[in-house]
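S.K.: Here is my input, please return the structure:
(chains A, B, C and D)
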2 protein chains.
Amino acid sequence: MASSHAESPGAAGRPLTDFEQVLLGVIADEPRSGYGLKKLFNSSPASVYQPSPGALYPALRRLEERGLLHADKQISSGRRTLRLYQVTESGLTVYREWLRQPVVPETVGSDLGQHLMRFSLMENYLERAEVIAFLMDLGDALDGFVRGMEQFVAARQGTLRQHALLAIEHGVVIHRASLDWVRSAMAELAEAPSVP
Amino acid sequence: MASSHAESPGAAGRPLTDFEQVLLGVIADEPRSGYGLKKLFNSSPASVYQPSPGALYPALRRLEERGLLHADKQISSGRRTLRLYQVTESGLTVYREWLRQPVVPETVGSDLGQHLMRFSLMENYLERAEVIAFLMDLGDALDGFVRGMEQFVAARQGTLRQHALLAIEHGVVIHRASLDWVRSAMAELAEAPSVP
DNA sequence: CCCCCCATGTAACATGTTACATGATTGA
DNA sequence: TCAATCATGTAACATGTTACATGGGGGG
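M.R.: Residues are numbered from 1 along each chain as shown, chains lettered A, B, ... in the order given. Next comes the predicted model:
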């Protein structure tokens, strides 16, 4: 039942899940319903993430209960109730704080997807200079990660089995490719100044 | 309480988690205790995965209850009880089945880590020819994934915003790098015939 | 004596998956 | 009328995270 008591206005609580943050960001770009979000994710390139209804609807309710989202109960063209979500002001604040969070080098090895998601959502809310600074930090973190992996390999020269070594090299290769991407993205953004 | 009733011998039940499979594989390589596994993961390159005790110990118990692992209760050098796990025969069977599972092209975009883990563990249990066949399939799947991404981009030429397009290109770049890795790994394995 | 490492685990809590339930509307 | 799509959600279950609890043993 939609408890209609507005929650903590400052939005201080347990930090949001990545998934919750992404929902917030997507809805900040454009109001959506649960079903609309489902369609959006389904149409995404080759299964980036397909949230199950049991994950999606409760997540939206949680965001609503925190006062970060607000649902307009609508009856779209005679249909049954459609809950069209919009971000509230505190939702927008939380979202922007997330976008501006610094890149933590230690997590870049396991969290690359989150950074990409953030980069993608940044387009409408951050200025070009901030985006470029973000990419710079991401590049540094990736560079450090690659160096760390290479040192790890060098330190265990000979002790690693062939497949383990190859698997680690896969990690190196992947992150070096990410780094190259960061550099080319920076170059592209630097020379084509589109209005945010 | 360690219920000592041996479970279903054929090991038919809910399929194992990736994490459970990895535990099974690591223990198949060499008997380990919970703490030994913790140390092993901690020493892994730059936080591949750090299982929390609340994930690790219950997982080991589940594998034991299924009859896939067996614990020798030991008192190592006067210390408190140490549970040294070994794979049982049915555990080894399940493990080998996992190693031989075909590459599913649809999942390769989100599951690359699992395939790498499998590749790494294959070294001791599969023959060189099987490993190369696995890499061949993985390469085909990656190639298909990259083509699919490129088609996706081509189909929406112009409709994608700049950052979204760049993020997708990141996916392309990453998976192409993976594909290159697969090819070089195949070449390396083909010419250096070490005994499995 | 105190601290850190060995070594196990539990409790509370949140979250996710799968599968099912419900009902309205549109088009063949 | 029948099927598909729109649109919401719940129930059962398993799993994970964080934080805490417990206790022995070795070294400074």
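
S.K.: For the rest of this, base every contact and every neighbour count on C-alpha atoms.
M.R.: Will do.

S.K.: Quick one, grab the pLDDT at the residue of chain A positioned farthest from its centre.
M.R.: The outermost residue of chain A, judged against the average C-alpha position, is A:G158 (38.7 Å), by Cα atoms, centre = their mean. Looking at A:G158, its pLDDT is 90.

S.K.: Now do it against A:Y49, distance only.
M.R.: From A:G158 across to A:Y49, the span is 39 Å (Cα to Cα, to the nearest Å).

S.K.: got the angle between the longest helix along chain A and helix B:162-191?
M.R.: Longest helix in chain A, counting residues (DSSP state H): helix A:162-191. Between helix A:162-191 and helix B:162-191, the angle comes out at 150 degrees (axes from the mean of the first three to the mean of the last three Cα atoms, to 10 degrees).

S.K.: what packs against helix A:162-191?
M.R.: helix A:128-155, helix B:112-122, helix B:162-191 (3 or more Cα pairs under 8 Å, 6 or more residues apart in numbering or on different chains; DSSP states H and E).

S.K.: okay, those in TSV with mean pLDDT next?
M.R.: Shown next, in TSV, are the helices and strands packed on helix A:162-191 (pLDDT from 0 to 100):
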stretch	mean pLDDT
helix A:128-155	96
helix B:112-122	96
helix B:162-191	96
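
S.K.: Count the neighbours of A:H163 for me.
M.R.: 20 (other Cα atoms under 10 Å in any protein chain shown).

S.K.: Could you pull up the contacting residues of the closest residue to it other than its chain neighbours?
M.R.: Spatial nearest neighbour of A:H163, chain neighbours left out: B:S120 (4.9 Å); criterion: Cα to Cα, 6 or more residues apart in numbering or on different chains. By Cα atoms under 8 Å, 6 or more residues apart in numbering or on different chains, the contact set of B:S120 is A:H163, A:A164, A:L166, A:A167.

S.K.: Next: A:L165.
M.R.: A:V153.

S.K.: Outline the domain layout of chain A.
M.R.: Chain A breaks down into these domains under automatic domain parsing: A:18-98, A:104-191.

S.K.: any idea how far the residue most central in space within chain A lies from A:G34?
M.R.: Nearest residue to the geometric centre of chain A (Cα atoms, centre = their mean): A:M117, 3.4 Å. According to Cα to Cα, A:M117 stands 19 Å off from A:G34.

S.K.: any idea how far the residue farthest from the centre of chain A lies from B:A185?
M.R.: From A:G158 to B:A185 the distance is 18 Å (Cα to Cα).

S.K.: do the same with A:L40
M.R.: Looking at A:L40 against B:A185, where the rule is Cα to Cα, the gap reads 37 Å.

S.K.: Repeat that for A:G54.
M.R.: According to Cα to Cα, A:G54 and B:A185 sit 41 Å apart.

S.K.: Name the residue in those two with the higher neighbour count.
M.R.: B:A185 (18 against 8).

S.K.: contacting residues for that one?
M.R.: A:L166.

S.K.: Might you enumerate the residues of chain A proximal to chain B?
M.R.: Proximity of chain A to chain B, by Cα under 8 Å from any Cα of the partner chain, involves residues A:45-48, A:106, A:109-110, A:116-117, A:119-123, A:145, A:148-149, A:152, A:162-164, A:166-168, A:170, A:173-175, A:177-178, A:181, A:185.
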